[in-house]
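Trainee: Structure for the following, please:
(chains A and B)
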Amino acid sequence: MTALLDDLQTMQLRRLLEAGLPLAARPYQALAERIGASEQAVLEQVRHWSEDGLFRRVGLVLKHRAMGFRANAMLVMDIPDEQVEEAGLRLGQAAGINLCYQRPRRLPDWPYNLFCMVHGREREQVCELIEALLAEHQLSHVPHQLLFSTRAFKQCGGRYAPSATRELAHG
Amino acid sequence: MDDLDRRLINRLQHGLPLVRQPWQILADELESDPQTLRARVQALLDDGTLTRFGPMFDIERLGGAFTLAALSVPEERFDAVAAQLDAMPEVAHNYRREHAWNMWFVLGCATPEGIAETIRYIETQTGLPVLNLPKEETYHVGLHFSV
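Mentor: The predicted model follows:
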């Protein structure tokens, strides 16, 4: 059995991970040295957090606009309440849909309850993709709008308390 | 950015394996070597292509709260209101979109009460009503960009 981390080490490890994963051949060994623990204990704690859903993956945040993904559209739809779950699950699985959320209507200002984010390089390509998706899922007739973003003022600049970096969402 | 950078970014969006020597596994997959891959990630961080490498925390699991919100800002005030939001640490992203609701932003706070307070603050500061659209259900989260 490997000694588990104590509470202080667990907290220290989480703080260190909020800053990112060290770019080392053995990143968990590098973290272990910082908090006076064993590599195995650190790795087990990280796996536990991952299984528990504290984080989704060890991955990256890409500055996607800089990579040429400039056509960023929010598709919003007004789906009858009794059909929104099925529509959400189906659209959520569709290729090209990055995020799919149900949100409240705010009548009369805002009638839409299902939101999908689609990113592409060209606006026309995104429009075509969305039209095809709506047709495929028999949703062309539902009231919907496509809100393209034209400027980004702030992208993934958020810091929260407790401080952590969240996966880029909604962008 | 070359072909290896692209393959590396695409691969890393699926997550680094949780093992002692994760770069060795990636090096085998990408037919490269671990040192090169780490140097590439460092270079992509340094030049701003990547803004983060590490665990992608679920803010809600950390006890935080967030919401998507919008404002309908008169054209002549648009830049000034954008600057007001930009100065607020609770504002994580802010996009202009082509719609009567023309400013869309994400708020992140430590608590749900913090969200409500922040919305009241924005309404007071700007004199504009905030459209608050918290997530009710998640059907899909998978932000992948094939580069």
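Trainee: What residue spans form the domains of chain B?
Mentor: Taking automatic domain parsing as the criterion, chain B consists of the domains B:3-46, B:59-133.
Trainee: what pLDDT, on average, does the longest one get?
Mentor: Domain B:59-133 comes out with an average pLDDT of 93.
Trainee: So it, near chain A or not?
Mentor: Yes. Using CB under 8 Å from any CB of the partner chain as the criterion, contacts between domain B:59-133 and chain A involve B:59, B:61-64, B:66, B:68, B:82, B:85-86, B:89-99, B:101, B:104-106, B:108-110, B:131-133. Using the backbone N, CA and C atoms, a C-beta is placed for each residue, glycine as well.
Trainee: Among those, which ones are in strands?
Mentor: Assignment to strands by DSSP state E places the following of the residues of domain B:59-133 next to chain A there: B:66, B:68, B:91-97, B:104-106, B:108-109, B:131-133.
Trainee: How far off centre is the strand ranked longest in chain A?
Mentor: Secondary structure assigned by DSSP E gives strand A:144-154 as the longest strand of chain A. Its chain's average C-alpha position is 17 Å from that of strand A:144-154, according to CA atoms, centre = their mean, to the nearest Å.
Trainee: relative to strand B:91-97, how tilted is it?
Mentor: Orientation check (axes from the mean of the first three to the mean of the last three CA atoms, to 10 degrees): strand A:144-154 against strand B:91-97 gives 130 degrees.
Trainee: Return the set of buried residues in strand A:144-154.
Mentor: The neighbour-count criterion (16 or more other CB atoms under 10 Å in any protein chain shown) identifies A:144, A:146, A:147, A:148, A:149, A:152, A:153, A:154 as the buried residues of strand A:144-154.
Trainee: quick one: contacts for residue A:102?
Mentor: Contact criterion CB atoms under 8 Å, 6 or more residues apart in numbering or on different chains gives A:84, A:85, A:88, A:113, A:114, A:115, B:135, B:136, B:137, B:138, B:139 as the residues in contact with residue A:102.
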